[in-house]
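K.L.:
need coordinates for the below:
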Amino acid sequence: MNDKTKPRKRASRKEAESSTKEQEYMRQFINNTAHVNARERYLMTEIAPCHIRKIRQILFSVDCGRACSVKSYINNVLEAHFKEYSGLITTKISKI
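P.N.:
Here you go, the predicted model:
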């Protein structure tokens, strides 16, 4: 059988979901440039070295192509966290 006569393999549902999740991850955390070259200065904070290593592995992987900095990635992740849990956070803050 040559390539033209081979039946095409359809992507499984899991593969499609995985691909969609990967695209969403890339859009939300890696390719999001909202925090690149921010105009305001941020306070310095300590981040666990193991987390920094993992983030660098993600950012420097062949798939990502180094779209953002570690600082931008962390800000993107925090922004998503605050959006996802905004109701709970607002409730906790109002109790203070």
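
K.L.:
tell me the mean pLDDT for stretch 61-80?
P.N.:
For stretch 61-80, mean pLDDT is 83.

K.L.:
chain center to it: distance?
P.N.:
Mean-position distance between stretch 61-80 and its chain equals 6 Å (Cα atoms, centre = their mean, to the nearest Å).

K.L.:
how long is it end to end?
P.N.:
End-to-end distance of stretch 61-80 (Cα to Cα, to the nearest Å): 22 Å.

K.L.:
run through who's touching it.
P.N.:
Residues outside stretch 61-80 that contact it (Cβ atoms under 8 Å, 6 or more residues apart in numbering) are 26, 28-36, 38, 42, 47, 52, 55-56, 58-60. Yep, even glycine has a C-beta here, placed from its N, CA and C like the rest.

K.L.:
which among the residues you listed count as buried?
P.N.:
Among the contacts of stretch 61-80, those classed as buried by 16 or more other Cβ atoms under 10 Å are F29, I30, N32, H35, I55, L59.

K.L.:
distance of the residue nearest to the third one when sequence neighbours are not counted from Q23?
P.N.:
By that I understand N32. Of all residues not flanking N32 in the chain, N76 sits nearest, at 4.8 Å (Cβ to Cβ, 6 or more residues apart in numbering). Look at N76 and Q23: by Cβ to Cβ, to the nearest Å, they are 15 Å apart.

K.L.:
between those two, which is the more surrounded one?
P.N.:
N76 (21 against 11; other Cβ atoms under 10 Å).

K.L.:
how far away is the more buried one from M26?
P.N.:
Taking Cβ to Cβ as the measure, N76 falls 11 Å from M26.

K.L.:
sec struct for A67, please.
P.N.:
coil (DSSP: H, G, I helix; E, B strand; the rest coil).

K.L.:
quick check: the gap between it and Y85.
P.N.:
25 Å.

K.L.:
more neighbours, these two?
P.N.:
A67 (15 against 12).

K.L.:
and the gap between the residue sitting nearest the centre point of the chain and C50?
P.N.:
Centre of the chain computed as the mean C-alpha position; nearest residue by Cα atoms, centre = their mean is F29, 2.8 Å away. Using Cβ to Cβ, F29 is found at 18 Å from C50.
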